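Enquirer: prediction below, plus the sequence it came from.
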Amino acid sequence: MLASAGIAIVYGGGAVGSMGALADGALAAGGRVIGILPRFMADLEWGHPRLSELELVEDMRTRKHRMLALSQAAIALPGGSGTLEELLEAITLKRLGLYLNPIVLVNTRGFFDPLVTLLRHAVDEHFMDTRHLTMWQTVATPEEVPAALAAAPRWSADSRSFAAV
C-alpha cells in the first residue's frame with residue numbers, strides 16, 4: 001500500500017517472516033525499502049538481499065533509533081517481542097515529546113486489542129494522561145493506514161507538559 005503510494009519503507013532489514021514479506025511486497029510494488037540491520041544479524045545472514053538500501057548498525061538500540069529517525073511514521077504490524085519493544089519505545093518517546101510522528105497499529109484480527117486495553121488501564125490507574133490515548137491510531141486493515149496517517153492528530157514537544165502524571 002505505501003510503496004504503491006510512493007512512500008519509502010524503513011524496517012528492520014530481515015528477509016524471513018513478516019519482515020521479509022513486507023519487504024518483498026513493497027519491492028514488488030516498485031517501492032523503496034530501507035533496512036536497518038544489526039551486524040550480528042548480517043553475520044547470521046538474516047538480512048534481506050534485495051533491499052534498496054541496507055544500513056548495518058552495531059546493536060538493537062541503534063537499530064530502533066535509526067528506524068525512528070529515518071521514518072515519518074511508525075506503523076506496527078502484528079509481531080513478537082521485538083515489534084512490541086519497538087512500538088512501546090516509539091510510544092514512550094512520543095509521550096516525552098521526542099518522537100512527534102504518527103504511530104499506527106495495524107490491528108489484524110484484534111492482535112493489538114490486549115495492548116490497547118492495557119494502555120487504557122494505565123490511563124485509568126493514572127500512570128498516563130487521557131491525552132496520551134491520542135498518540136496512536138488503530139486500524140483493522142493495511143488499506144486503512146494511509147487515511148490514518150493523514151488523519152493523525154498533530155503532536156508536539158509541548159506534550160512534555162503532561163508527560164509526567
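Expert: Right, received. Where do you want to start?
Enquirer: what are the ranges of the helices in this structure?
Expert: For the chain, the helices defined by DSSP state H cover 17-28, 39-43, 60-70, 81-95, 113-124, 145-151.
Enquirer: mind giving me the packing neighbours of the shortest one?
Expert: Applying 3 or more Cβ pairs under 8 Å, 6 or more residues apart in numbering; DSSP states H and E, we find helix 39-43 packed against strand 53-57. No exception for glycine: its C-beta is placed from N, CA and C like everyone else's.
Enquirer: give me the domain ranges for the chain.
Expert: Here the domain parsing of the chain from automatic domain parsing is 1-71, 72-165.
Enquirer: quick check, distance from the longest one to the centre of its chain.
Expert: It refers to domain 72-165. 9 Å (Cα atoms, centre = their mean, to the nearest Å).
Enquirer: list phi and psi for M128.
Expert: The phi/psi pair for M128 (degrees, to the nearest 10) reads phi -140, psi 160.
Enquirer: output the helices of the chain as a markdown table; include the columns mean pLDDT and mean neighbour count.
Expert: Shown next, in a markdown table, are the helices of the chain (pLDDT from 0 to 100; neighbours: other Cβ atoms under 10 Å):
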| stretch | mean pLDDT | mean neighbour count |
| --- | --- | --- |
| helix 17-28 | 95 | 17 |
| helix 39-43 | 96 | 14 |
| helix 60-70 | 96 | 16 |
| helix 81-95 | 96 | 17 |
| helix 113-124 | 98 | 13 |
| helix 145-151 | 95 | 15 |
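Enquirer: make TSV out of those helices and add distance to I9.
Expert: Listed next are the helices of the chain as TSV, based on distance: least, Cβ to Cβ, whole Å:
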stretch	distance to I9
helix 17-28	5
helix 39-43	18
helix 60-70	10
helix 81-95	14
helix 113-124	23
helix 145-151	12
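Enquirer: right, and those helices - which one's nearest S52?
Expert: helix 17-28 (7.7 Å; Cβ to Cβ).
Enquirer: helices or strands next to the closest one in the packing?
Expert: Packed next to helix 17-28, using 3+ Cβ pairs under 8 Å, 6+ apart, are strand 9-11, strand 33-38.
Enquirer: and the ones you listed as CSV, adding mean neighbour count?
Expert: As requested, the helices and strands packed on helix 17-28 are exported to CSV (neighbours: other Cβ atoms under 10 Å):
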stretch, mean neighbour count
strand 9-11, 22
strand 33-38, 22
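Enquirer: so what's the residue nearest the centre of the chain bridging to?
Expert: Nearest to the mean C-alpha position of the chain, counting by Cα atoms, centre = their mean, stands A74 at 3.1 Å. Beta bridges link A74 to I103, judged by DSSP bridges.
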